[in-house]
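Asks: Need the 3D shape of this:
(chains A and B)
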Amino acid sequence: MAALSMRVNGIPVVADVEDRTLLVYFLRDQLRLTGTHIGCDTSQCGACVVHVNGRAVKSCTMFAAQADGTNVTTIEGLAADGRLHPVQEAFREHHGLQCGYCTPGMIMTAVDLIRRKPELDRPTIRAELEGNICRCTGYHNIVDAIEDAAKRMSAGGA
Amino acid sequence: MIPYPFAYRRARSLSEAQTIFAESSESKYLAGGQTLVPTMKMRLASPAQLIDISGIAELRTIEVDANAVVVGAGVKHADVAASREIRTAIPALAELAGMIGDPAVRHMGTIGGSVANNDPAADYPAAVLGLGATIKTDRRKITADLFFTGMFSTALEDGEIVTAVEFPIPEIAAYTKFPNPASRYALAGVFVARTPDAVRVAVTGAAPCVFRQPEMEAALGKAFRPDAIANIDIAPDRLNSDIHASAEYRAHLVAIMAKRAVAKALA
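Replies: Below is the predicted model:
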């Protein structure tokens, strides 16, 4: 068993898990943070993307034990004081989703992308989404949402 | 998917990793895990113990001087891609690192893990062989030409740990790849580099193991131009055939990628 101690969405978490527990199962099954999804379970679709120490990673391809001592942020940790994160807001306004299954991963990837590259053009957004698969939207509104969110965040300092 | 049970241990130093390794006969080192974790989930690998070496600080440095770029084995692809020093010294290396997998994979995967795994379609082996790099381990130094020995196999001994890769700085270099649209692994990838002494051409993705293309190297040594290799046919005999591409198609792609790499190096 691995004794874990980490912060998840700012809250200290202590737990004992089997060594082979994947981070995504720890988040979903033990912490009941079911906003992080399991899509392909083979590191390709990106539905499971969370941030570990501020960087987007695929939580289906990491053991919970590897995240011991880190800060983990999930989709549940983005909204603050009852207000959506600007990327969440932009996805809502631009209808950047249909079924919504890929959306948590899309948004976590987008937040990380805007942090790394505040000045974004559409080809860059599309290239950076190569690890997140959406089977509904054709990506068009997702790209719109990320482009808009990046502009708002650079203007508003969010 | 859940892997078979195993014990997870974290090493804080190289010596601690070696000590833990010596305690169990079925250990494997875990770096970024972007290949090992999926392989374990598919139950194609089932080590009794994983020794996580990703937190070892001495493996996470990047050093650049006038002659070489030395990348610590634990450095993530994203950090090579973003390194100003590497972008200046060997832009093709930084660019290659930014073409591996996807952003989330690049945040975890490491250069040491990539070269130690030696996936036939991995990108880094092309740069390591194409630039004539030296692999440093906790025991010795191994030149690229002797390091990659076959499909998923290297000159590493049991328990040996890659600590860094030293890349000599070329005059010019470039990497082009034709990625599988789903996995982003190279169906064919070609790294070309010109130094004052020689031209090197390394091909990944096309065969069971990364390899050099001596005919192209000789032709480019005489004239470093795309048309210098326009008439060199790549024999499909030893290339891979699978659901993604036939050997003949891969042979065709190698020739195209090589020409494009030369053009890119000159641009």
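
Asks: What are the neighbouring residues in contact with the closest residue to B:G150 other than its chain neighbours?
Replies: Nearest non-adjacent residue to B:G150, counting by CB to CB, 6 or more residues apart in numbering or on different chains: B:C209, 5.1 Å away. From N, CA and C alone the C-beta is placed, and that goes for glycine too. Residues counted as contacts of B:C209 (CB atoms under 8 Å, 6 or more residues apart in numbering or on different chains) are B:N118, B:P120, B:F148, B:T149, B:G150, B:M151, B:S153.

Asks: Quick one: buried ones out of those?
Replies: For the contacts of B:C209, a burial check counting by 16 or more other CB atoms under 10 Å in any protein chain shown picks out B:N118, B:P120, B:F148.

Asks: Counting only helices, which of the residues you listed make the cut?
Replies: Among these, the subset assigned to helices under DSSP state H is empty.

Asks: Turn those into TSV, columns for pLDDT.
Replies: Shown next, in TSV, are the buried ones among the contacts of B:C209 (pLDDT from 0 to 100):
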residue	pLDDT
B:N118	96
B:P120	95
B:F148	98
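
Asks: Throw these into JSON lines and include distance to B:G74, thanks.
Replies: Putting those into JSON lines (distance: CB to CB, whole Å) gives the following:
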{"residue": "B:N118", "distance to B:G74": "17"}
{"residue": "B:P120", "distance to B:G74": "23"}
{"residue": "B:F148", "distance to B:G74": "20"}
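
Asks: quick check, nearest of those to B:T61?
Replies: Ranked by distance to B:T61 (CB to CB), those are led by B:N118 at 23.0 Å.

Asks: okay but that closest one is in contact with B:F211, surely?
Replies: No. Under the contact definition of CB atoms under 8 Å, B:N118 does not touch B:F211, with a separation of 11.9 Å.

Asks: Report the central residue of chain A.
Replies: Among the residues of chain A, A:M108 comes closest to the average C-alpha position under CA atoms, centre = their mean, at 2.5 Å.

Asks: So which of the contacts of B:C209 is the closest to chain A?
Replies: Nearest to chain A among the contacts of B:C209: B:P120, at 18.0 Å, using CB to the nearest CB.

Asks: which residues touch that closest one?
Replies: For B:P120, the contact set (CB under 8 Å, 6+ apart) comprises B:M151, B:F152, B:T204, B:G205, B:A207, B:P208, B:C209, B:V210, B:N240.

Asks: Among those, which lie within strands?
Replies: If you go by DSSP state E, the contacts of B:P120 have B:T204 in strands.

Asks: Domain boundaries for chain A, per the record?
Replies: Each domain of chain A is listed here as a residue range: A:2-77, A:86-156, per automatic domain parsing.

Asks: Identify whichever of those domains lies nearest to chain B.
Replies: Nearest to chain B, of all the domains of chain A, is domain A:86-156, at 2.6 Å by CB to the nearest CB.

Asks: can you tell me the average pLDDT over the closest one?
Replies: The average of the pLDDT scores along domain A:86-156 is 96.

Asks: For it, what is the distance to the chain centroid?
Replies: For domain A:86-156, the separation from the chain centroid amounts to 11 Å (computed by CA atoms, centre = their mean, to the nearest Å).

Asks: Check stretch B:187-202 too.
Replies: 14 Å.

Asks: Quick check: mean pLDDT of that stretch?
Replies: Averaging pLDDT along stretch B:187-202 gives 96.
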